[in-house]
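# just a sequence and a predicted model for now, questions to come.
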Amino acid sequence: MNVKTATSEKVSSFADTILDQGSDISSKLDMLRQVKFPPNAQKTLRQFSLAEVAEFVGVSQSYLKKLHLQGKGVEPTTTSTGRRYYTASQIDELRALLDRVPRRQAHEKLQVIAVVNFKGGSGKTTTSAHLAQYLALRGFRTLAVDLDPQASLTALYGIQPELDNKPSFYESLRYDENRKSIVDIIQPTNFPNLDVVPANLELQEYEYETPIAMQRKDSSAGKLFYTRIGQALEEVDDRYDVVVVDCPPQLGYLTLTALTAATSVLITVHPQMLDIMSMSQFLLMLGDILKSVEQVGVNVSLDWFRYLITRYEPTDIPQQQMVGFMQSMFAQQMMKNHMVKSTAVSDAGLTKQSLYEVEKSQFTASTYDRARESMDAVNAEVVDLMNAAWGRRNG
């Protein structure tokens, strides 16, 4: 009896301890947010250089300078040295002025890009966050969906789930009468053209409730769980050009539901032996499950899927070998560009920011430029794949 009592007391003490520590961490993070984003703890967005604006709009820098000198378009902030800086909203104004708005046409379907891997640390959330922001800066109406109960993507957009009391996608996926429209869940971000569907721990309930709903004789919804995200997105189909879904690092019902709604899939891969071994198991399991889904009448039809090498260190010989190994097996499905490992990305993350949010001056110029060049190349390749799916000519 004494042994059991001691064990019980030890478990209780551990539970209390981690609850207290979790609360302390949350409070400290909120204090940092108040300091970093005054006066209302809401994220703002920096201005963008002439070179960045030219890239996002798709014209030359000299052309933008000419427009400014002619008094056409928007009035940028000009420094004492003559450098021009534009807000994200001004980038949109320029794009509209030049008739270069890339919104999809009525005959072009909503693009839903699921970013997946069931192993943590593959760069999935970093990829999702930067892709969504890049697409918004390029003028696409973008919705970022955080399906991970850990809510890392949500945190990057300045939302602290346990304090801000924002509803998650679970509210649109649940099986009871309290189900809400996705319209009531979508939140704006500090980027024009970009909204987010936040995540929180409640999303995990979907993993528990789905198998129960599938067993109920009166629940057709449970048996058709894999259509729920697609049906939710149909409600906002006319509001967006592209949806980027950050899937949880596990092959559960949330990931499967996202994959059946997806028009394309990006599988992030860290090029190390253990990660590739893990990925092989992921692909085998995923293939078996999708076969089962197809047998009940759901056809998972993708415009494209690609493997994206993330956290890549070009000077690392074993990593080079792993990339070569993958390219030798499925060159057609490999992204041509890789996401390089960079301290700029991790350092920006310390303040819940992305490369598109931080000021270049905070880093060594070469470090920042190398990271941005890699990030932009990957994201631009995704835009090319989207345009090809729509039947548009690239370039």
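All right, it came through fine.

# what residues are up against the spatially most central residue of the chain?
When Cα atoms, centre = their mean is applied to the chain, the residue found nearest the centroid is Ser128 (2.4 Å). By Cβ atoms under 8 Å, 6 or more residues apart in numbering, the residues touching Ser128 are 115, 144, 153, 244-246. Using the backbone N, CA and C atoms, a C-beta is placed for each residue, glycine as well.

# how far out from the middle of the chain is the helix or strand where it lies?
Ser128 belongs to helix 124-137 when assigned by DSSP states H and E. Here the centre of helix 124-137 is set off from its chain's centre by 5 Å, with Cα atoms, centre = their mean, to the nearest Å.

# try stretch 259-273
For stretch 259-273, the distance to the chain centre is 12 Å (Cα atoms, centre = their mean).

# okay, how far is it across it, tip to tip?
26 Å (Cα to Cα, to the nearest Å).

# mind putting the contacts of Ser128 in TSV, secondary structure included?
Shown next, in TSV, are the contacts of Ser128 (DSSP: H, G, I helix; E, B strand; the rest coil):
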residue	secondary structure
Val115	strand
Ala144	strand
Leu153	helix
Val244	strand
Val245	strand
Asp246	strand
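
# closest to Asn337 out of the residues you listed?
Val115 (15.4 Å; Cβ to Cβ).

# what sits against that closest one?
124, 127-128, 131, 244-247, 265-266, 268.

# do that again at 6 Å, thanks
124, 127-128, 246, 266 (Cβ atoms under 6 Å, 6 or more residues apart in numbering).

# could you list the low-pLDDT ranges of the stretch 151-300 of the chain?
162, 217-223 (pLDDT under 70).

# in the stretch 1-150 of the chain, mark out all the strands, start to finish.
With DSSP state E, counting those that start in this stretch as the criterion, the stretch 1-150 of the chain has strands at 48-49, 77-78, 84-86, 111-116, 142-146.

# which outside residues touch the third one?
The set of residues external to strand 84-86 that reach it, using Cβ under 6 Å, 6+ apart, is 47-48, 50, 53, 76-78.

# now it, how far from the centre of its chain.
27 Å.

# give the rounded mean pLDDT of that strand.
Averaged across strand 84-86, pLDDT comes to 94.

# and that strand, which residues are buried?
84-86 (16 or more other Cβ atoms under 10 Å).

# so which strand or helix has Phe307?
You called it Phe, but residue 307 is Tyr. Counting by DSSP H and E, Tyr307 is found in strand 304-309.

# packing partners for that strand?
strand 264-269 (3 or more Cβ pairs under 6 Å, 6 or more residues apart in numbering; DSSP states H and E).

# and the strand it packs on with strand 304-309, angle?
Strand 264-269 runs at 20 degrees relative to strand 304-309, counting by axes from the mean of the first three to the mean of the last three Cα atoms, to 10 degrees.

# what's the following helix or strand after strand 264-269?
Per DSSP H and E, the helix or strand that comes after strand 264-269 is helix 273-295.

# pull out the buried positions in that following helix.
So, applying 16+ other Cβ under 10 Å, buried residues of helix 273-295: 275, 278-279, 282, 286, 290, 293.

# and that helix, how far out from the chain middle?
The chain centroid and the centroid of helix 273-295 are separated by 22 Å under Cα atoms, centre = their mean.

# please apply the same query to stretch 313-322.
That offset, for stretch 313-322, works out to 26 Å (Cα atoms, centre = their mean).

# now rank the contacts of Val115 by neighbours and give me the top one.
For the contacts of Val115, the largest neighbour count, defined by other Cβ atoms under 10 Å, is 31 neighbours, found at Asp246.
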